[in-house]
Structures are given as structure tokens and as C-alpha cells.
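Trainee: give me the fold of what follows.
(chains A, B, C and D)
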Number of protein chains: 4
Amino acid sequence: MLVPTGLHEACGVIGVYAPGRDVARLAFFGLYALQHRGQESAGIATTDGRAAYLHKGMGLVSQVFNEENLRPLRGHIAIGHNRYSTTGGSHVRNAQPYLIETIHGPLGVAHNGNLTNALHLRRMLMKRGVGLTSSSDSEAIVQILAASPDVWPHIPPVDDEGDLWIGRIRALMQLAEGAYALTILTRHALYAVRDPRGLRPLCLGELDEGYVIASESCALQTIGARYVREIEPGEIVRIDASGLSSLQGAPCRRRALCIFEYVYFSRPDSLMEGQVIHTVRQEMGRQLAREAPADADVVVGVPDSATPHAIGYSLESGIPYTEGLIKNRYIGRTFIQPDDKLRREGVRLKYNPLPANLEGKRVVLVDDSIVRGNTAGPLVQLLRDAGAREVHVRVASPPVRHPCFMGVDMATYGELIAHRYDIEEIRRHIGADSLAYLSLPGLLQAVYCGMGEPTEPRHCTACFSGDYPLDVPEWLFAEDRSKVLFEN
Amino acid sequence: MLVPTGLHEACGVIGVYAPGRDVARLAFFGLYALQHRGQESAGIATTDGRAAYLHKGMGLVSQVFNEENLRPLRGHIAIGHNRYSTTGGSHVRNAQPYLIETIHGPLGVAHNGNLTNALHLRRMLMKRGVGLTSSSDSEAIVQILAASPDVWPHIPPVDDEGDLWIGRIRALMQLAEGAYALTILTRHALYAVRDPRGLRPLCLGELDEGYVIASESCALQTIGARYVREIEPGEIVRIDASGLSSLQGAPCRRRALCIFEYVYFSRPDSLMEGQVIHTVRQEMGRQLAREAPADADVVVGVPDSATPHAIGYSLESGIPYTEGLIKNRYIGRTFIQPDDKLRREGVRLKYNPLPANLEGKRVVLVDDSIVRGNTAGPLVQLLRDAGAREVHVRVASPPVRHPCFMGVDMATYGELIAHRYDIEEIRRHIGADSLAYLSLPGLLQAVYCGMGEPTEPRHCTACFSGDYPLDVPEWLFAEDRSKVLFEN
Amino acid sequence: MLVPTGLHEACGVIGVYAPGRDVARLAFFGLYALQHRGQESAGIATTDGRAAYLHKGMGLVSQVFNEENLRPLRGHIAIGHNRYSTTGGSHVRNAQPYLIETIHGPLGVAHNGNLTNALHLRRMLMKRGVGLTSSSDSEAIVQILAASPDVWPHIPPVDDEGDLWIGRIRALMQLAEGAYALTILTRHALYAVRDPRGLRPLCLGELDEGYVIASESCALQTIGARYVREIEPGEIVRIDASGLSSLQGAPCRRRALCIFEYVYFSRPDSLMEGQVIHTVRQEMGRQLAREAPADADVVVGVPDSATPHAIGYSLESGIPYTEGLIKNRYIGRTFIQPDDKLRREGVRLKYNPLPANLEGKRVVLVDDSIVRGNTAGPLVQLLRDAGAREVHVRVASPPVRHPCFMGVDMATYGELIAHRYDIEEIRRHIGADSLAYLSLPGLLQAVYCGMGEPTEPRHCTACFSGDYPLDVPEWLFAEDRSKVLFEN
Amino acid sequence: MLVPTGLHEACGVIGVYAPGRDVARLAFFGLYALQHRGQESAGIATTDGRAAYLHKGMGLVSQVFNEENLRPLRGHIAIGHNRYSTTGGSHVRNAQPYLIETIHGPLGVAHNGNLTNALHLRRMLMKRGVGLTSSSDSEAIVQILAASPDVWPHIPPVDDEGDLWIGRIRALMQLAEGAYALTILTRHALYAVRDPRGLRPLCLGELDEGYVIASESCALQTIGARYVREIEPGEIVRIDASGLSSLQGAPCRRRALCIFEYVYFSRPDSLMEGQVIHTVRQEMGRQLAREAPADADVVVGVPDSATPHAIGYSLESGIPYTEGLIKNRYIGRTFIQPDDKLRREGVRLKYNPLPANLEGKRVVLVDDSIVRGNTAGPLVQLLRDAGAREVHVRVASPPVRHPCFMGVDMATYGELIAHRYDIEEIRRHIGADSLAYLSLPGLLQAVYCGMGEPTEPRHCTACFSGDYPLDVPEWLFAEDRSKVLFEN
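Mentor: Residues are numbered from 1 along each chain as shown, chains lettered A, B, ... in the order given. The predicted model follows:
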């Protein structure tokens, strides 16, 4: 993707139920595999059925944990969380999981997603007299679960089927609007919950000694768990001493898995809806080649995320694939600012061209998506400076024209280049010889390649189409929706 | 005091309302002056009427704060807290102040004291469906304040006099049993609250630009505030843009200021009930000399806490005062353990004797109190090794025979040497030539020296007398009352 | 490469002379681009002609530096260093650059390489009475430069051409045996020095305001410097207020650039001997395909390092290239150990397979090199578990049979799998259906692809051939050559 | 002392030789007892006869060391060092001990003192071609010891008595001018060295298993060592497997123990020249009372350092002693600056008055010394504000009129209040009713109280008298003698 700062990745969650194993260690390596979903903070909570234990901190999971702080995380149930990095206001107060004591014992929640009615829920809680310590909608979730369902006005009675936590989760599902994929820890059980639209992914794996829940299947593989299936939209899975059981927590609504998981978020080796992400991305590239061919000598991808798309474009078009840009493998947060002169050359800090593969060539530069569009121009220029005769930009997804409110901290309307400009204007802006995007039908066709076209929509395509799968409150569309809770 | 690990000091709180001043900085220096009341963690919360800001961390106030984290604590209202150090289970999660968002804006609380019905209140909150993140009774206080008074069962209606926070504080005072001296921050006001028995101290000072509330008057002097008066038992003081107002939050019960504030806790330069602590301690020493004279050559105090008592003993007895023990000025937490051989010589790591002042002398060793009694023996031996011919231990307070549940994490019955042994047994245990304690009437007489004998009791003497000023639940007397909430 | 822990990468150095620019900042971003050459420690020294300034620390360059410690590094000359990571004994004491005060002002040295007679030189210095603070041969270099050339026995007089530092550098070149690429800072000049065999790379770039010296050209591009040329073996380049001058510091010996720079060390976008590394690696893959064809369906590389070799193999063989293994992008040092069960599955923590691209396929797995051989087996198994029908391992370099003593902390004889076993034994050990290595002539042919076959050897191939370009002292071949200087 | 920032305390050193004990741990607790001599950095080096081990860092000894970094400091010989705190330029580079490798094995040095010809020695070393890494004169010492004595020009041959280190130490004693008390570690022995004038203190203690060397005897007591005697001026003590031996390293010159050790530096419980410091200080107070009586009601000392002097004044004058100022026990480095208003009230951050003991009283305020004189004024004012009717300042040492160059980083001439003003001017400056200093003969008489008047001078009194016991180079008297070596 050309603009990694425009899209904040959507957090990663994990849950482990495995008596006899070191569940905190398994959670650690699972989070390690999900690191691409969030780099701001990491945390793990466990319980041994008696007490609960928690450690969380700022930074990569490998920075937050060491043997000394992992060891006390005893027990047979663990949940874990990676939080995405934001450009400001980051604070350990917002790190997850949240762990509280309730009248029924410890309760821990790890949340991937975003509630569109978070403000309403916070207000509802505060009106009840519950003080909130952070600005996170995940704290609202955990405090809603802390209370009996019958304290909430305007919701019908829920059937708890003999497990009070089931009743509370069902109440939460009545109250919460938006995206949530949750792992929940209680004294005796691990729960996995996915919102009724299935906006964010969540899957189930099996160990010899128990079960694992994870945002993506790559985490299962990493810790030696066998992939079983996805958690269904609206489903609640409970895992305890008597095994695994499943029930419908809320009726499934229009299915709407975030299509950007296919485009960019997920790791290429993850399995989603029965197909490997890498394969789908390759197919997007193929479809792009069919829709937007280019008369060129070589196909180059923006590393690393657009490599599969570029390989697909190459395979379909017959134009040879090669590496044209090298990305600094050790790129990471640096707090050092380039001076003015370096700033003007910005993109070089991350990418260098391979002139031997570019000189005198007509180049197809494939990217997975363009969000803000402020890196595309410098990259095109970089290729030209390295000798490329022509640069044809091909984007393996449609123009991003609408902000996301379902778990991705995407730019506002004003920041989305495709909201402000038409394609020809963008082409001129980035200085490409030609520019084409994959069509939305083309994208969907690629996504369906391995499963066949569904009879009804299965994905959220709102960022491309503006067709939101749920009602978005007006104020969320405002340019400035920042909200100070506590600073520092 | 001979056993600093037996008595945990009782936390320090501060509150500042001063438009135009850097209130966080004033709170910092106030906490700095109150550092003796708690060294485990420190924190400051402020508000500018719009947002609220918080920083807290583990360690001394000078370690927790630097210019970088102090600067963002903007506003005109600040509260701050020093927490006492415990030997285990210390965690930043329990650091204060607590700051939450409520439906009526930010709410911050700094609490000195201990609620005897904390478990009951936690259960009451959790039954309502409020999840708690820590094991601190101060979190219970802040969550009680977050809710409207009418949600609490079994309390009569409260009069909020047009300020909803007053209503909530009054409800809290109905619900909470035990010791609490609070500074409370809301969007527009600073409140100071003292429990109806006045168990823990709290006083009021004045700045040119506003007011200061502090656990002890030494903090007022340090930041240039003029001492005004003490907050009365059961009083609520409110300070806002319209100035200072006072009202009775709950009827004053039997007054019961902790007498140990006079014996050991407070700084000698603090003013309490109209008298300087140092003067009272000197008087305790005088009274001790009258009650328990000794045929000796020299009076020596256990530094630094027992110096005033020793000076008093000397003045009254005519036996010259001198320094006999030197304490390492830089003693502080070290994580290095002595080896076996050093351990046997334990007390030397903190104290060295001054043989020139001791050799061939009959020594009166004055201490302020004896709690567990495991350092007295080594100190007596140290004096003997330095040449003292006789060592007569005089303790400027009565034997500590009962645990405290009102804000001092004192030892259990089993750990209190004077609960297990009579005075002659203790004398033999510590190897002194003679041992005497100040009587309780004698202690009270010293305390009354500057104010005249009151018509009714004004102080809690439970640790000496077993006469608790409130009902103590049975379970609190148990030897092991530790309670795991979340570890790590 | 299959075994990143077997070969320690060879440090990166940088030098900047640029009045009017923030040279420390340029050095920072240069080191950032050279991060792949060493992750243990990083440092930058600068001078403004009056005083010298230094900051160094453990970790990645982005962890070591922040605006606060970068700002004081004033001046117009800077040198910098990244140190490779070792598995133990790492200490900030060994971090570079070394900066000392001499009678002629400050002297700073950043060193990439390894002296084969370091022990001899250390002894020579210590015999003179110079105490050494570290076990680094780079400290020997800086102390040799600190003294006048005529104090060294057994070396002929050197011509300093009017610049005393030139004389000292020439004396060093007489004394030092082995590999060294140096950037040197003095009060008024920046020097670049390369050993007479050119064992380690070093190149020159130009800025509008001055010059840059770097281990690899990727660092030049990153900071906007134009690539000029390589420093020649035995050359000394001096850059000062009067511009750049060059002279021969020692007669060029048999040229012997480390061939492993082509195989693995250098970044693919760097230019070496006139050719882009990426192109050479692709050619290695092509040559491997010619020498060791395989009857297979798909070519897969070990990411990221063997991707270019695999693309080359694919292009030459016509067997389609695809991605078969996904590497965790965020892999980094973690201090958490897998439990036994995870350990047995070790490789999964770093790599996951893409079954869709492997199932039922006969796979060619291309790696750049095999050193210890303990990861190859698990990777082959991973591919088989993902459904690969056959796995044919192809290594794009010859068997590594000899240790390196010229700047790469390679394994000892006993640790080199190809020293202990023949190829068929290795094949069985790793469980491959077939195994083939590129021949040494084939490797050289690939390296010569862009420059034509040289009339005489230009590269060190000792790790493959045992043909060391210089005399290696017997003791260096010993299995245990560890040496405690100061621990902790 | 009124001005703790005017006099930097003079470092503390320790050395332990004790097979079978954990010598690093003993060194740790020894440094802990010597913490008052330096708070900037701390370090310990050890050897087991095979390798040497080192850890040092910034801060208090309890902050620098933990079990993890102490444990690897193996062996039977240890040396340790506390460095005094300076207001700027502090850097771990200057932390001690220095530990180097020489041709004869490891060499470690811990140094208390200051060489007046350090610049000359540094130049001598640099001319020889030895590069120096720090601005410390202690590094010059260690590099001089690293070389054979015969490389030094202009010194007569030295007799090494069969131990090469003895020869080198003797050569050092020929070369070095100024103050040095050293503990030196080599592969097999521990050495203690004191300069020929005995400017800085150093003493010897005995353990069951070996010996201890320390700056002050308080460190011996703390670790259970029996005090034996002082190291003599010019003496070298060697301790190794064959026991303790002593020899004269250089002829004793005019004895000149720093008299400020008696006035302020040493801990009151330390023994010096056969007498306890506390006793001498009490005698200074007595002498002051004789020389400068005051018509007053109460004697108050500036805590904690002037307490013994004040007690002496009281005993002699018959004016009752009391505590009048309370010092914050937890005062420590804080990086928070008071705001302007607080700054004007500066002294309150450290001291609060005890009005009950001052009100309406004529007060004698006893201090041990006045250096810069910028705190005296505020303290006098503090007493007046607390109700003192008169304040008579009595200083238990003569006016400090001359800077020190022998191990105390005292102010320059321009900063010494008694250099610029006469006593009446100082009195007016600080606002006292009367001001008197102890005379130099009076001071000496107090020092001689326990040992009888010596036949010739034994002490350096240069800061009072200007009578330097050695030649001080002219440039050292300059106001600005700062010297940048490496910053940051």
C-alpha cells in the first residue's frame, strides 16, 4: 500500500484455553504472529480459575514481554491483544486486554473493531454512575459485561441458557453497534464473540490440549494449532472444562467481512473464508491485468504488501515480474526527523530503486491500494530517477472514497485523495504515465475466485462504495472528531 | 521507631486550587514535603475545566516526575498523592490519584486512610455491575462518587445544596466506614473531605491566588501557603471560582485523630491540633523521664525519628543528651541482600555507634515506639559493643498491642511483640538492662500539653488500648487477610 | 540464508563531511539504511573542529538515538557505526565508534572488519604500556593511530606527505593484517581507509555540500548523496576544507572482496564493483538452474534474502516462481523462549507456508547459502506438511566448509555442516528429495556477469575454497577461541 | 553546611581482599556506607585471578546495582568507587573504577583526589601516543600504571622490590602531584596507596578472611571489618595470598590531611587520626562558644551536618540546644524547577522552621561552614519569620577564602563569599544580628583535642589560610577552567 499512515491496522486478538500448557507463552507467540495488526501496545491476561493476572505495555510484543513478566501469568486460560499504532494520544491507559473484578470473578476482554455507537454506550454507562478510566470503546464493552442484562433499558430479555456470561454477552450484542471480534476470559471459561455482520475476522484452532481463538489463522499455525473454522457472524463460542460449545448470540445480519482484510490487512499466509489471502491477492493482480492492461516491459510491486498482486499482474499479462524497489527491512519507528532537504526526498528513507531492473524500461508499478496518495508521487519519481522510461501505476483495489468507522482508523473524507480528485487528476498529481484502479466488481470477483459468487453480499465495501452495512451516526463523518478524555 | 517495616506510613494527599499558578508544580513540591508519608508511588491529576490530565508512577515523587511529564498537567486545579511502600504486591495499578470520566465530567480522588467496610462497598459496587480494576478501596470511593446517591440502597436521602458533588460526597460519607481524608477534583471545583471521626489529618492553607489542602502543614510551608486551619471531622470544604465554602458532610462522631501521628508519622515541623509535633514529642520524652527515670550517664535517641523524644527525656532528667548512633543519610531501597555473615550484623547497614559518647557509659536509649521488636535487640547489642556499660531502653509511647485498620498497614496480632510478650519478656528478648514504656495517660498528657485536657476523647488510641473508635469486622483481625485480585 | 545465527553480519560504517548540514542526522539515516549489517549497537561521533561529541548505545539505531541525544552531536564531520549482534558477551564497552583525545586533538574510528593479528597488535600496544579497555580490535586500531609511527618496531619509515594522520594511517596499514574498512574523524578532516585486499566494501558519495563514505551505496541513496565510486584496496581518502584527495596508503595486495557480500550480506539495492547486488543474485539463481536443474512445478525462495536467487532460478528454468513461505515481518529479538512443544516446531515462529501454492507440487526451494544447517530440515518438513509432493533444495552458493576470520563471525569448523558431512549426508539430514549447491566457478561466473571475467582473482572465497587471501594464525582455527577480557 | 552546592564532596573508594567471601557484595555495602562522599556514579570491579569484571553506572550505589549485575562480579578481590555529583558534564564515561587490560593482566583503579598536574600528565601520555577516552585524571593514573617505569622521562629509577606493580606505583608517585588515595586491583593483589602528604583519608580494616581498605572507617564497621589503622602518607599496602605487606612508596612530605574532612566531609561516626569525627565537631562547637559567645536563649544547628557543632556550642555556652529547623529527609535530586514565586522562597523546599522553639527567642544558628553564602540569608530570614527575635550566626570553621585543587571541586575565588567580602559585609548580606567564625587556631585546637598538638603541621588548611601544601599551577586559579573534552 502506498500510504501506510493513512490506514491504521485493526488490532489483533487471541485467546487460548489449554490446561497443561503455558497459555501465556502460547498467547505471546500468537500475538507475535499477529504483530502486523498493531504495534502500539500489547498485553496478555490469564486466569488459573482462582485469581487473574495481567501484563501490558507500550511497544511491540517482543518489547513488552520478557521471561520475568511472562512467568507470573499463570493458569490455563489466556487472552491477548495487539493494539494499532496511532500518531498521537497513545497511552498505556488504552492498552488491552481490559481486566476487571466483577461480582462473578475476573473478567477480561480483548477487542478488535470499533463501535459506531460507542459514545452512546459510554453515556449510558456514565448515566448509570459508572466512571470510565479511558477513551476506549473496549472499556465500555467490559463494563457492560460487568452488569446484569436487566439493568439496560430498551433491550428485550435475553436467554442466558444457564450461563450468566452468555446472557451478558447477548445483552452486549443487543446494545453494541459496529464491529467487534472479542476474546473474553472469565474464571472458568474462554469465550469468542463476533459481531452479527462479521465485520472483523476471527477463527478457531485446536491444540492437543485445548483450543485457540485468533484474529487470523497465521497465529494458529505459529503455535502449532490446527485450523478448524471461522467464528460465524453473531456466534458465541464457549470453551471450558466440558469442551467447546457454540450458540447464536444475535441473529446474523447482512454479512459484511471487511474487504480490506483481503486487500491489505491480513497476512498473506492467513486463511479467510476458506481461501489463502495470498491466492486472492494474486487473483486481484490477474483481474487488474485483465481490466487495465499496460504496454510495458516489466511489472514491479510496492514491497512488501503488493508483491502478491504484482505477481498476479505479471502472470496474467505475461509481462515479466521483477523487484524494482527495495524496502529497508529494519524500518521501524524512529523519532528522528529528517532535515528539510531529506524531507523533500522522503520516500528514500524507506525505499531504494533497483536501476538495473528499471533502466530504459516501461514499468508497471502495482500497489494494493491508495488512501491519502502522498507517497505515490515520490515513488513514481524514484522509478523515473532510476531510469524508468514510463511508469504505469496499477492499483489492485478501487479508489478509496469513504472513511471507515468499523475498526480501521482510516482518514477523514478530506484526507482521502480519491474523494477530492478524479482519477485523471490523481494521475497528474502523482506524475504517472497512466493510472488505473481495479473495479469493485473485479475486486469481488477475485475474492470469490475460491468460493464461488455468493447469492448475497458477504463483504463490507464501504470505503470503496459508500455502502455502509450499518447506520453511521452523522457526527462520525465530521473532519475533526478527536475527543480529549485525559491527556498525558 | 525501631521497626520501620512494621508500620506502613499512611499516605499523603494534596489539593491545590490556584488560577494563574502552575498548580501541578505546587502539588509536586507539596508531595515532596509529604514524601515521608509514602514512598511507593506518586501521582498528580489536574484539570483546566475542559479536560483532565494525569501522571502517576512507581517510586519517590522526584523519580516519578520530570519537566516533560509535569508540563502537560495543565489547569488551575490539582490533586496529588504519595502512596506508602509495601513489601509485595506493589503495582502501578494501585497508584493514586484515581481519575475517571463521569457523566458530569472528570472526577479525581486522592485518598489517605483505610475503609473498614471496603469489601462490603466493593461487593455493593460489583453487585450493581461495576467492574473494578484494582484492589484499592480508593477505587471504590471514586466509583461511588460516580453514581447518583439514589442508586444506593439503605441510605437516607442526602441534601446536595445545589451541587451534585456535595450530594454524592454525602452519600459516600453515609456508606463508607473507617478512615478517609480526601482531596477531590471535578471540572470546576476542588473538594476536601475528612471522615466524621477525623482519623487521618487534613489541613487548609491559603495562597495569594487560591487555596491548598494537605495531609500535613509542612507541605503548606514548603510551597509558601499560609496555614489557616484543620479540616474538621465530617467537614466538606469546596473551593471554586466563587471562593471557599464549608459544610458538614456528616455529623461529627467521636473524634479520633490517630495518636500515632504524634508518636511517629507526622513530620516534626507539622502543626496538628494547634501544636507543633516536635514540641509534643519533646513533651512525651519529658513525661517518660518522669514516669520511668533511669540512673544513667547519657541519653541517646534512635535517629532520626526519636531525636525530639530523647531531647525531652534529657531536658527533664538532666541526663545529658548526645548522639550515640549515626544513621546512613542515604539509606534507601536497595535490592541487594547482605550475605549470611552480614545479615547476622543487620543493623549496622543502617546505624553505626559513636563509641566516644558511649564508652563506659550507662546509656538511656530512647525510641518513639516498638512494634515488631526485631531491631531493638541488635541496637542494644550495638551500643554494648561500642562500650556502653548499661543500656536502658525507654519507649516514648505505650506497648503496641493491637493492629490498626484505619489507614496504617500495621502488623497482625501475631507480629506485635507486645501482644505476645510482657514487658519483662521483651526486656530479656532485646537484652536491655531495663525497659520501660510511656503510659497511655502519660502519652495523652503530653499530647494535651499545648491544648489543655479535652472534655471528651479526641484521639484514636486503639493500637495501644484496643479501644477502637468504630466497629471492626471480625475477619480483619485474622492473621492472613491478604487477598489476591490481580497479580503482576 | 537458512541459518542467520551462523553468520554474523559484518558491521556498517559511515562518514560524513558536510559543512552547513546536520551531519549527525545524515549519519543517523545512513546507519538506518545500513541496519542490516549490525543490530547490536550503534553510535555516532562528530566534531566541530573544536571539540568532539559522541553518543553510542545498545540496540537498533532507531532505539539508540532520539532528538535529545542527537542534537548535541554538533559539527561538520561525523562518523557512525552499526555493530553486528552476537549471542553473548555483548556490551556497550565494545560499541563503536571509538573516540579518544590525542596530543593532536580528537580521533574517532569506525571499523568494519577483523584483524587476523589483533592479538599480536594488542600485545604490542600493551608491551608499550598502553592499557586497553575492551576486547575489540578496533580499540587497537585507534591506539595505534594515537602514536607517532616511529614508535613501532620493524616497520619502515612512512611518508606522511605533510599530514601526520596520513603517516599514522600508513603505519597502521603496515602493522594491521586482515580486513578493515575505516572511517576516521580528526579535528579537521574525515578519512576513509580500506585494507590492501579490499576485503570489506567501502564507497564514496557526493552531496552538494560535501562527501559521504559508507559501507554500501544504499546508504548514499538514502541520504540523497550521489554515488561516485568505491574506495580502492589500500587507498586513503582524505576530505577536508580544501576538498577531497586520495593517495595509496599501502600497495594493493591480491584483491579479495568478500564474496559473501554478493551471496548474502549486502542489501540487494547496493552497488558493488559496478553492479547491483540484486542483479548478481538473480544471475546466481540462473547459473544454479543451469548447473542443477530440477524436475519440478514451482520455485520458492527462502524469504527475504533468497528471493532474487529464486527469481533467477525461475527465469532460467522456466519453472514458475511463486511465494511459498511467508516470513513474519516483525520478527525481531524476543527474549521469550518457546516451550518444548513449540521448540520442536521452531521454524514456524518465523515462517508459515502457503499451502495453496505448494499442495501436490514438486517444489524447488532456493536458499542463498547453508552454514550450520539446523533450519533447513524444519523448513523442508514445513513444505511437506503444507502438501509439497517433493522438495528439491537448491543452494545458490557452494558448501561453506571453512570459517571466516576477516570480519564475519562465522561458525567454527565443527559447526559448519558442510565441513562435517558430504552433500548426500546433508540431503538425508535435512530430508530433501534432492540437494545441490552452486559450484564455485558458477558463483564466480555470476559475479562476473556484469564486469567480465577478471584477469586475476578479485574475491575472497575462503569460506568455500579454504583459499585464504592472507596467512591465518593457527590458533584462530581452534574450536574454542573465546577469550574473556572483562565480563558483564 | 549552608551551601551544599559550593563544595563537592570528595569521592569514596573501597578495596576488599577476602577469599571465600562475596567481595563484590562487601564492596557494595562499603560504598553504601560511603554514599555521602559522592552520589553521581558508582562502580565495582573484581577479579578472580583469571578474568576481571566490571559494572558501573550513574546514580546512587543502590540505583546502580541489583542482584543481576552484582552476581557476575566474581572473585576474591574487589575495588569500588562513589563519584561526587557535579552540576553538569556528568557522564558515565567518567565513572570509576577504571579497568584496563595490560600486558601483565587486568588493572583496576579507584581514585579519590585530584592531581594538580593532571594536564601535564595527560599531555605526557598523549605525547607518548596514548589516546585518552575521558577528561578524568584517574584515567591518566591508570595509563601511567600500564607502562613500565623506564618509559617516563626525568624520573629516577625505582626499586620494584620484585613486584612490577610496586615499581609502577612508585613511578606514579614520582610523576603525580596532588591528592590521591587509591585502591588498585591486579590479577593477584590489592594495593592501597596514599599520596605523600596524605591529603585524602584512607584506612585499613580486617576481616576474618582478609582485609578491607576504605576512605572512611564507617565503611569498615558497616561490613563487619575491624578497624586496624590509617594508611600512612606515601605508603603502599599490598595484600595478596601471602598476606599484607607495607612499604614506603615515596618519602612522606609535609603531612596535610584535608581539614575539611573534620569540618564537613566525613561521616560523624568515622574515625580519623585516632579520634571520632563527631567528637571533634562537638569540640569545634565548644571552641566556637569560647571564641564567639552570644547572648542568646537557644542554640540551633543547620541539620544534619552542623548538629554536633551546635551540641558542642550548647554544652560549652550553657545555652540550651534545640532543633529549630527540620530538613526534608527525602530530599534528593529532583529535576523539577520551582516557579519564580517558589524560587524566591528557595530554602523552604529543604528546611522548615520549628516556631515553637524559636518564637520570641534570641537564636544562635550554628553552621559548620559557609562557602558561597547564598543560603545563609534565606535561612536567617526563615528563623525570623518563625518568630526569632535575634539571629546570631556562628560558623564552626574559619572563612573559606581560597579554592581547593586537591580533590574537592570547590568554588572559584569569585564564588567564595569570604573572598569578596569582609565579615561585617557578609553579616549584612545574610541579615544576621551578629556573625562570627571559628579562628583557624581554634579549629586546629579542636582537631588536636584528642591527639595533642603535633610538633609540625599535619593538615591542609589552604581553603582557610591560602597556605597550599604544594605548588598550584597558576592557571588553576583562573575563574573559568572548564575544559571540553567530549560532550554528551
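
Trainee: beta-bridge partners for A:Arg229, please?
Mentor: Beta-bridge pairing of A:Arg229 under DSSP bridges involves A:Leu204.

Trainee: now do A:Met173 against A:Asp159, distance only.
Mentor: As defined by CB to CB, to the nearest Å, A:Met173 lies at a distance of 12 Å from A:Asp159. Bear in mind the C-beta positions are built from the backbone N, C-alpha and C, glycine included.

Trainee: of the two, who's got more company?
Mentor: Counted by other CB atoms under 10 Å in any protein chain shown, A:Met173 and A:Asp159 do not tie: A:Met173 has more neighbours, with 21 against 10.

Trainee: these two touch, right, the more buried one and A:Asp195?
Mentor: Yes. With the criterion set as CB atoms under 8 Å, A:Met173 and A:Asp195 qualify as a contacting pair; they are 7.4 Å apart.

Trainee: can you tell me how far A:Cys218 sits from B:Thr461?
Mentor: As for A:Cys218, its distance to B:Thr461 is 66 Å (criterion: CB to CB).

Trainee: equivalent analysis for A:Ser369, please.
Mentor: From A:Ser369 over to B:Thr461 (counting by CB to CB), the distance is 74 Å.

Trainee: more neighbours: which of those two?
Mentor: For the pair A:Ser369 and B:Thr461, the greater number of neighbours falls to A:Ser369 (27 against 22), based on other CB under 10 Å.

Trainee: is the more buried one in contact with A:Arg401, as I believe?
Mentor: No. Because the distance of 11.8 Å does not satisfy CB under 8 Å, A:Ser369 is recorded as not touching A:Arg401.

Trainee: which residues of the stretch 151-300 of chain A lie near chain C?
Mentor: A:Cys218, A:Gln221, A:Thr222, A:Ile223, A:Gly224, A:Arg267, A:Pro268, A:Asp269, A:Gln275, A:Val276, A:His278, A:Thr279 (CB under 8 Å from any CB of the partner chain).

Trainee: which ones are touching the fifth one?
Mentor: Neighbouring residues of A:Gly224 by CB atoms under 8 Å, 6 or more residues apart in numbering or on different chains: A:Leu207, C:Lys341, C:Leu342, C:Glu345, C:Arg348.

Trainee: please apply the same query to the first one.
Mentor: Neighbouring residues of A:Cys218 by CB under 8 Å, 6+ apart: A:Ala33, A:Leu34, A:Arg267, A:Asp269, A:Ser270, C:Ile326, C:Asn352.

Trainee: again, 6 Å this time
Mentor: A:Ala33, A:Arg267, A:Asp269, A:Ser270, C:Asn352 (CB atoms under 6 Å, 6 or more residues apart in numbering or on different chains).

Trainee: residues near the closest residue in space to A:Tyr437 that isn't next to it in sequence, how many?
Mentor: Setting aside the residues directly before and after it, A:Tyr437 is nearest to A:Val395 in space (CB to CB, 6 or more residues apart in numbering or on different chains), at 4.5 Å. By the other CB under 10 Å criterion, the neighbourhood of A:Val395 contains 30 residues.

Trainee: and the one 5 residues further on, by the same measure?
Mentor: Using other CB under 10 Å, A:Val400 has 28 neighbouring residues.

Trainee: check the gap between it and chain C for me.
Mentor: Distance, A:Val400 to chain C, by CB to the nearest CB, to the nearest Å: 22 Å.

Trainee: and for A:Glu161?
Mentor: Distance check for A:Glu161 against chain C: by CB to the nearest CB, it reads 34 Å.

Trainee: can you tell me, leaving aside adjacent residues, what's nearest to that residue?
Mentor: By the measure of CB to CB, 6+ apart, the closest residue to A:Glu161 outside its immediate chain neighbours is A:Leu247, 6.7 Å from it.

Trainee: identify the bridge partners of the one you found.
Mentor: Following DSSP bridges, A:Leu247 is listed with bridge partners A:Ile236.

Trainee: does the residue in the stretch 1-150 of chain A positioned nearest to chain D lie in a helix or a strand, and which?
Mentor: Nearest to chain D, among the residues of the stretch 1-150 of chain A, is A:Glu68, at 10.0 Å (CB to the nearest CB). When elements are assigned from DSSP states H and E, A:Glu68 belongs to helix A:67-70.

Trainee: which stretches in the stretch 51-200 of chain A count as strands?
Mentor: Across the stretch 51-200 of chain A, reading from the start of the chain, the strands by DSSP state E, counting those that start in this stretch fall at A:52-58, A:77-83, A:98-102, A:105-115, A:178-185, A:190-194.

Trainee: for the first one, the distance to its chain's centre please.
Mentor: In other words, strand A:52-58. 22 Å (CA atoms, centre = their mean, to the nearest Å).

Trainee: likewise stretch A:424-432?
Mentor: Centroid separation for stretch A:424-432 versus its chain: 29 Å, with CA atoms, centre = their mean.

Trainee: repeat for stretch A:306-316
Mentor: Relative to the mean C-alpha coordinate of its chain, stretch A:306-316 is positioned 23 Å out (CA atoms, centre = their mean).

Trainee: do stretch A:215-234 as well
Mentor: With CA atoms, centre = their mean as the basis, the distance from the averaged C-alpha position of stretch A:215-234 to the chain average is 15 Å.

Trainee: quick one: which helix or strand includes the residue of chain A most remote from its centre?
Mentor: Counting by CA atoms, centre = their mean, the extreme residue of chain A relative to its mean C-alpha position is A:Gly360, 38.9 Å from that point. In the assignment (DSSP H and E), A:Gly360 maps to no helix and no strand.

Trainee: not including adjacent chain positions, what is the nearest residue to it?
Mentor: The shortest distance from A:Gly360 to any residue that is not its chain neighbour, by CB to CB, 6+ apart, is 5.6 Å, and that residue is A:Arg389.

Trainee: now the helices for the stretch 1-150 of chain A?
Mentor: Counting by DSSP state H, counting those that start in this stretch, the segments of the stretch 1-150 of chain A that form helices are A:23-33, A:61-64, A:67-70, A:118-128, A:137-146.

Trainee: any stretches of the stretch 1-150 of chain A with poor pLDDT?
Mentor: Residue ranges of the stretch 1-150 of chain A with pLDDT under 70: A:1-9, A:85-91.

Trainee: that one against chain B: which residues are in contact?
Mentor: By CB under 6 Å from any CB of the partner chain, the part of the stretch 1-150 of chain A that sits against chain B consists of A:51-55, A:72, A:100-103, A:126-127, A:129-133, A:143, A:146-148.
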